[in-house]
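J.: Sequence and predicted structure below; questions after.
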Amino acid sequence: EDIMPYIEAAVVRSKIEEENLIDAVIQNECTTIHSSVYWRFREEAKNFIGEGLDGKAPTFQEITFKNVIPLYGQVDISGSSKARNEAIQKDLGIQLSAINEIMKGAWKNHKLPIYEELIFRVKSYIEEISDILHTNSEQSVFDFVQSEVNPILEFLHTSDKSMQKQIETYRSTINAETESYYNHRKDYDESVMRINKKFVNVLDKRQQEAQEMFPHYFERYKTDGVEHNMYIGSSISNNRTYNELYLNNLRLWQLQVMCEMENKYYHLRSKLPVQLDVTSLILVYSTPLSIRFRMDEMKFDVDGTYNARYEIIKKRIDKSFIKGTSERLTQKGKLSIVYSQKKDELEYLRYIRFLKSKGFFTDNIEIVELQGLQGVTGLKAIRAEILYSPGNEDERTYTYEDLMQELEA
């Protein structure tokens, strides 16, 4: 009787701690509340709890940050769609050819017209995918194999002993997870995964350093390559005094990190199953905008239709062409910096001159005008040729003082 209340209290406390730990893991792993803006969510959570304690109906107010400057960059895998389609074509071709040989054996052994008809259909699929891969080709072949070929293979395996070894050999090539031949696609997927992992490692490591310089919102996401968004301004910095110097610093930091990501990739390239190329792009946007946390999607997005131009540009610039030509803006071996204002051009040329002295760029620097995008005109770009280091041992690191000295010059 004396001890039991203490045991009960300990069990209850343990359960509460477990629930808190679960919540912490979920918040850390599954939401996008970045450390730089966590203070604002904490403030709103306190207000929410306070309203509840006061007997009011609490509502969690929208989280917005006004007058912030965006920074956007991407390192994209060049020709990824083509490489993926070629991998799919090879895998489907190998699988269908193996099925074709089995059906030829079945037709030879049993002379059933259905086998001859299946041979005709398999050949039709082979010709179709070797010519051009349509968006539904992979699914169409998969459905055909699952619904029509596999039942016949099962029947032949049990009814014709002479074909068992051939069918078992075919089955041994089929991936258990994808239920199809998956060698070339696996090589492609592994290459993309390793490239993205390398990019993410560089970004995450460098971001920790950048946050120490001055807090700013950061998010990155994987596509065929890695894209990142950053927002900096006084509304995000909480108690720290914001100065435009920190924006300039972050832009210079971004240039340096983009070059580092390119170098890291080309050191990795020879070790990949599929050797691809990458292209790099930065969007410079100097007009302040507002961002709002969307509760339905658990992410920040630009707020208001007046800020839509930034999102339109961001989504379309990687497909843009040089004005009056059929040449794509993004080219391997070059960092493309898109902007619309002359002052941004002068600022970035200054940074490039500085980084050129540090061994990031060659003397090959050009300014080009972009062909008008749908709803967007007047964009220009600086294309700077990246200077790659000869090996992994050349780890270039530059101090915060170096960056500040150049900015203050």
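T.: Noted; the coordinates are in hand. Residues are numbered from 1 along each chain as shown.

J.: would you list every one of the strands in the stretch 301-409 of the chain?
T.: 334-339, 361-369, 380-386 (DSSP state E, counting those that start in this stretch).

J.: Not counting the first one itself, show me its contacts.
T.: For strand 334-339, the surrounding residues in contact (Cβ atoms under 8 Å, 6 or more residues apart in numbering) are 255, 258-259, 262, 279-284, 313, 317, 320, 329-330, 345, 348, 361, 370, 379-386. Where C-beta positions appear, they are placed from N, C-alpha and C, glycine not excepted.

J.: What of stretch 253-265?
T.: The contact list for stretch 253-265 (Cβ under 8 Å, 6+ apart) reads 71, 73, 75, 195, 198-199, 202-203, 206, 210, 213, 226, 230, 278, 280, 282, 335, 337, 348, 351-352, 355, 360-361, 386, 388-389, 396, 398, 403.

J.: lowest-confidence helix or strand of this protein?
T.: helix 400-408 (a mean of 48; mean pLDDT, DSSP states H and E).

J.: Going through the contacts of stretch 253-265, which ones are buried?
T.: 71, 73, 75, 195, 198-199, 202-203, 206, 210, 226, 230, 278, 280, 282, 335, 337, 348, 351-352, 355, 360-361, 386, 388-389, 403 (16 or more other Cβ atoms under 10 Å).

J.: does the residue nearest to the spatial centre of the chain have beta-bridge partners, and which?
T.: Nearest to the geometric centre of the chain sits residue 222, at 1.6 Å (Cα atoms, centre = their mean). Assessed by DSSP bridges, residue 222 has beta-bridge partners residue 226.

J.: Let the chain start at 24 from now.
T.: Okay, using 24 as the starting number, the last item reads as residue 245.

J.: Tell me the confidence at it?
T.: pLDDT, residue 245: 86.

J.: how about residue 364, what does it touch?
T.: Counting by Cβ under 8 Å, 6+ apart, residue 364 has contacts residue 309.

J.: quick one: average pLDDT of stretch 230-241?
T.: In the prediction, stretch 230-241 has an average pLDDT of 91.

J.: contact partners of it?
T.: 57-60, 88, 91, 251-255, 259-261, 263, 265, 269, 272-273, 276, 314, 323, 423.

J.: and what of stretch 375-388?
T.: Against stretch 375-388 from outside (Cβ under 8 Å, 6+ apart): 275, 278-279, 282, 358, 372, 405-410, 412, 419, 421, 429.

J.: Which of the contacts of strand 357-362 fall within helices?
T.: Counting by DSSP state H, the part of the contacts of strand 357-362 found in helices is 278, 281, 282, 285, 336, 368, 371.

J.: Number of residues surrounding the first one?
T.: Using other Cβ atoms under 10 Å, the number of residues around residue 278 comes to 23.

J.: With residue 299 as the reference, measure out to residue 335.
T.: Distance, residue 335 to residue 299, using Cβ to Cβ, to the nearest Å: 28 Å.

J.: And those two? Which one has more around it.
T.: A direct count of neighbours by other Cβ under 10 Å for residue 335 and residue 299 places residue 299 higher, at 20 against 13.

J.: OK, contacts around that one?
T.: So residue 299 contacts 100, 101, 102, 103, 106, 214, 215, 218, 292 (Cβ under 8 Å, 6+ apart).

J.: Could you do residue 389 as well?
T.: For residue 389, counting by Cβ under 8 Å, 6+ apart, the contacting residues are 405, 406.

J.: buried stuff in the host helix or strand of residue 126?
T.: Take DSSP states H and E as the rule and residue 126 turns out to sit in helix 103-133. Within helix 103-133, the residues scored as buried using 16+ other Cβ under 10 Å are 103, 106-116, 118-119, 121-123, 125-126, 128-130.

J.: before we move on, what SS does residue 80 have?
T.: Three-state call for residue 80 (DSSP: H, G, I helix; E, B strand; the rest coil): coil.

J.: Next up, phi/psi of it, please.
T.: phi -90, psi 100 (degrees, to the nearest 10).

J.: what about the helices in the stretch 24-173 of the chain?
T.: 27-53, 61-76, 103-133, 136-154, 160-167, 173-182 (DSSP state H, counting those that start in this stretch).

J.: what does the fifth one rub up against?
T.: Taking contacts as Cβ under 8 Å, 6+ apart, the residues outside helix 160-167 that touch it are 111, 115, 118, 119, 144, 148, 151, 152, 202, 203.

J.: Would you mind putting the CA coordinates of that helix into PDB?
T.: Provided in PDB are the C-alpha atoms of helix 160-167 (Å, rounded to 0.1, in the frame of the first residue of the first chain):
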ATOM      1  CA  SER A 160       4.400   1.100 -72.500                       C
ATOM      2  CA  GLU A 161       6.000  -0.200 -69.300                       C
ATOM      3  CA  GLN A 162       2.600  -0.700 -67.600                       C
ATOM      4  CA  SER A 163       1.100  -2.300 -70.700                       C
ATOM      5  CA  VAL A 164       3.900  -4.900 -70.900                       C
ATOM      6  CA  PHE A 165       3.700  -5.500 -67.200                       C
ATOM      7  CA  ASP A 166      -0.100  -6.200 -67.400                       C
ATOM      8  CA  PHE A 167       0.400  -8.500 -70.400                       C
END
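
J.: State the mean pLDDT of that helix.
T.: 92.

J.: buried sites along the longest strand anywhere in the chain?
T.: Counting by DSSP state E, the longest strand found in the chain is strand 87-101. Buried residues in strand 87-101, counted by 16+ other Cβ under 10 Å: 88, 91, 92, 93, 94, 95, 96, 97, 98, 99, 100, 101.

J.: Likewise for stretch 284-295?
T.: Neighbour-count burial for stretch 284-295 [16+ other Cβ under 10 Å]: 284, 285, 286, 287, 288, 289, 290, 291, 295.

J.: do the same with stretch 261-276
T.: Neighbour count says stretch 261-276 has 265, 269, 270, 271, 272, 273, 274, 275, 276 buried, by 16+ other Cβ under 10 Å.

J.: does the fourth one sit in a helix, a strand or a coil?
T.: Classification of residue 271 into helix, strand or coil gives helix, according to three-state DSSP.

J.: Once you drop chain neighbours, what's closest to residue 311?
T.: Excluding the flanking residues, the one nearest residue 311 by Cβ to Cβ, 6 or more residues apart in numbering is residue 90, at 4.3 Å.
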